[in-house]
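Undergrad: 3D, please:
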Amino acid sequence: MALTGLTAAVRAFLEERRYAVLATINDSGMPQLTAIWYELQGDVVLMNTAAGRLKHRNLQRDPRLTICIVDEERYVTLYGLAALLDDPVQAQEDDYRLAIRYDGPERAKERAPEIARQHRVTIRMALTHVHARGFD
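TA: Residues are numbered from 1 along each chain as shown. The predicted structure follows:
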């Protein structure tokens, strides 16, 4: 069964090349916001980060997260729980795929050696709620 709110129009919006703002929860309880690349895969959102970054540490402690994607008239807010995949090979592949989506194949290939030196982690966000406006 499809997640309520994840309509065909919302999916099409999310499949376009857009940046998301990711919210995680700091130790203090305050939100931490980061602009991030993403890819919708069914009812899961895939993201990627370098191990040890604040968003990674926050998600290790508390897997709750929210992302918001906006254009001029519409927005989608996705709520969910993160699963962190610390498989170096898979995380590199996921990051490369995201780089192609956002920067194109040539730029992705140029940055691949730099990324290969990093310990990458894939974030898989299982969606629990969708809130969308402007898709009437």
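Undergrad: Using CSV, list the CA coordinates for the one helix or strand Val21 maps to.
TA: Here Val21, judged by DSSP states H and E, is contained in strand 20-25. The C-alpha trace of strand 20-25 is given here as CSV (Å, rounded to 0.1, in the frame of the first residue of the first chain):
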residue,chain,number,x,y,z
ALA,A,20,16.6,18.8,0.4
VAL,A,21,17.1,20.4,3.8
LEU,A,22,17.7,17.6,6.3
ALA,A,23,16.8,18.1,10.0
THR,A,24,18.3,15.9,12.7
ILE,A,25,18.3,16.4,16.5
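Undergrad: What does the nearest residue to Val121 once chain neighbours are set aside show for phi and psi?
TA: The shortest distance from Val121 to any non-neighbouring residue, by CB to CB, 6 or more residues apart in numbering, is to Ala51 (5.0 Å). In this view, the C-beta of every residue, glycine as well, is placed from N, C-alpha and C. Phi and psi for Ala51, reported as degrees, to the nearest 10, are phi -60, psi 140.
Undergrad: Which helix or strand in this protein has the lowest average pLDDT?
TA: Scoring the helices and strands of the chain by mean pLDDT, DSSP states H and E places helix 88-116 at the bottom, with a mean of 93.
Undergrad: who does it touch, helix- and strand-wise?
TA: strand 39-41, strand 44-50, strand 120-133 (3 or more CB pairs under 8 Å, 6 or more residues apart in numbering; DSSP states H and E).
Undergrad: that older thread, would you mind measuring from the residue nearest to Val121 to Lys109?
TA: According to CB to CB, to the nearest Å, Ala51 and Lys109 sit 23 Å apart.
Undergrad: show me what contacts the closest residue in space to Glu15 that isn't next to it in sequence?
TA: Counting by CB to CB, 6+ apart, Glu15 lies nearest to Leu40, which is 5.9 Å off, once chain neighbours are set aside. Counting by CB atoms under 8 Å, 6 or more residues apart in numbering, Leu40 makes contact with Arg11, Leu14, Glu15, Leu46.
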